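Asks: no FASTA, just this:
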């Protein structure tokens, strides 16, 4: 098993160490994300601003082989900030993130870009968002399936974010108590980016607030930070929510949360290959997790990471899913078989 650690701007020892691979991404810019393919190649994404006066941004995609030999470095202009990277079976690379204000109506939109396998051109860039004034969309995670279709997840405050006819939840966030809730969005695009194959909201607008006038403008926020495609075609999404009426299953790990504004609680949701919600659960908020075939986090091939209620990294090894322990237990993660 190989462990890949992606550092920002810092000093690292350059002396040769058995099994240690060191990739110098330069002294300027910000590291975004890293992933690998089935051949052991490593893909890293870095962003930097070559001209601070123009406030321009360039995305730098670097690919190295399993022996740390450079295969390519591809740089292209972008007004967006990538936060996720994925590779399909043909070694095409997908980037997902958020663009700044793209129109007078929208504050931000999500974007998906596909780079060809040789690292020489951008095959497409697709924007995803709504047109509701004063709202915005961010995409925080990206994944692919065996057909090369691409999945993205994030959050939106726009009630007209594009959803498909078979969406699990077709109604978007609306103003409540002078505040606009944020809902999770999950979207599947065709391999060429031209078609939305599936898209849905996931969220609730209810929040618990006991601050009197301080609650004016209080709105529940649900954000997806990570997603994974399971070999059977189902999709697992993880993130955080402050919605007391977030759609959760009646027979799952945790069916309720205190959701006292502005605190947030973790959630995990699983969708079938056809888009139906298989199950959804809260995770966190002080409620103890039941004893269900618990295993220490070290037995998992992946884990969640993040602060209280923030589920930021998700790996789904076969039929096992690695979930965080309750924060009070100080255990990094638990493994559940579902």
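Replies: Looks like it came in fine. As the structure is a computational prediction, the values presented were derived from the model and not from experiment.
Asks: strands of the stretch 101-250 of the chain, residue ranges please.
Replies: Along the stretch 101-250 of the chain, counting by DSSP state E, counting those that start in this stretch, strands occupy 106-115, 122-128, 135-144, 150-156, 183-189, 196-202, 222-229, 235-241.
Asks: need the contact partners of the strand or helix carrying residue 76.
Replies: Using DSSP states H and E, residue 76 sits within strand 70-77. The contact list for strand 70-77, computed with C-beta atoms under 8 Å, 6 or more residues apart in numbering, reads 41, 56-65, 115, 118-120, 122. Backbone N, C-alpha and C define where each C-beta goes, glycine included.
Asks: out of these, which is most surrounded?
Replies: When neighbours are taken as other C-beta atoms under 10 Å, the top entry among the contacts of strand 70-77 is residue 115 (25 neighbours).
Asks: partners of it in the sheet?
Replies: Beta-bridge partners recorded for residue 115 (DSSP bridges): residue 93, residue 122.
Asks: ok, back up a step: to residue 37, which of the strands of the stretch 101-250 of the chain lies closest?
Replies: Closest to residue 37 of those is strand 135-144 (C-beta to C-beta; 10.6 Å).
Asks: direction included, what does that closest one pair up with?
Replies: Here, using DSSP bridges, strand 135-144 pairs with strand 106-115 (parallel), strand 150-156 (antiparallel).
Asks: just the contacts of strand 70-77 now: which is nearest residue 145?
Replies: Closest to residue 145, out of all of the contacts of strand 70-77 and judged by C-beta to C-beta, is residue 115, at 17.9 Å.
Asks: and the closest one, how far is that from residue 250?
Replies: Noted for residue 115: a distance of 43 Å to residue 250, by C-beta to C-beta, to the nearest Å.
Asks: please apply the same query to residue 258.
Replies: Going from residue 258 to residue 250 by C-beta to C-beta gives 19 Å.
Asks: and these two? Which one has more around it.
Replies: In terms of neighbours (other C-beta under 10 Å), residue 258 is the more surrounded of residue 258 and residue 250; the figures are 13 against 6.
Asks: pLDDT weak spots in the stretch 101-250 of the chain?
Replies: Within the stretch 101-250 of the chain, the stretches with pLDDT under 70 are 101-106, 176-178, 211-217.
Asks: residue contacts, the closest residue to residue 154 other than its chain neighbours?
Replies: Nearest non-adjacent residue to residue 154, counting by C-beta to C-beta, 6 or more residues apart in numbering: residue 139, 3.9 Å away. Each residue near residue 139 by C-beta under 8 Å, 6+ apart is listed here: 83-84, 96-98, 110-112, 128, 152-154, 185.
Asks: before we move on, the earlier item: could the strands paired with strand 135-144 go into a markdown table alongside distance to residue 196?
Replies: As requested, the strands paired with strand 135-144 are arranged in a markdown table below (distance: least, C-beta to C-beta, whole Å):
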| stretch | distance to residue 196 |
| --- | --- |
| strand 106-115 | 11 |
| strand 150-156 | 11 |
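Asks: the closest residue in space to residue 163 that isn't next to it in sequence - how many residues pack around it?
Replies: Nearest residue to residue 163, sequence neighbours excluded (C-beta to C-beta, 6+ apart): residue 199, at 4.6 Å. Residues near residue 199, counting by other C-beta under 10 Å, number 22.
Asks: from memory residue 199 sits against residue 165, does it?
Replies: No. At 9.7 Å, residue 199 and residue 165 do not qualify as touching, with contact defined as C-beta atoms under 8 Å.
Asks: partners of the helix or strand hosting residue 60, with directions?
Replies: Residue 60 is part of strand 58-64, with elements assigned from DSSP H and E. Paired strands of strand 58-64, with direction, are strand 42-48 (antiparallel), strand 70-77 (antiparallel) (DSSP bridges).
Asks: circling back: next structured bit after the strand holding residue 76?
Replies: Tracing the chain C-terminally past strand 70-77 and defining elements by DSSP H and E, one meets strand 80-87 next.
Asks: pick the most deeply packed of the strands paired with strand 135-144.
Replies: Burial of those is given as mean neighbour count (mean count of other C-beta atoms under 10 Å); strand 150-156 ranks first at a mean of 28.
Asks: next, work out how far apart residue 251 and residue 278 are.
Replies: To residue 278, residue 251 is 12 Å away according to C-beta to C-beta.
Asks: equivalent analysis for residue 191, please.
Replies: Applying C-beta to C-beta, the value for residue 191 to residue 278 is 24 Å.
Asks: for residue 195, same thing?
Replies: Distance check for residue 195 against residue 278: by C-beta to C-beta, it reads 24 Å.
Asks: end to end on stretch 72-90, go ahead and measure it.
Replies: 16 Å (C-alpha to C-alpha, to the nearest Å).
Asks: return the set of buried residues in it.
Replies: Using 16 or more other C-beta atoms under 10 Å as the test for burial, stretch 72-90 gives 74, 78, 80, 81, 82, 83, 84, 85, 86, 87, 88.
Asks: from those residues, which is closest to residue 229?
Replies: residue 86 (9.2 Å).
Asks: residue 146: how many residues sit nearby?
Replies: Counted with other C-beta under 10 Å, residue 146 comes out at 10.
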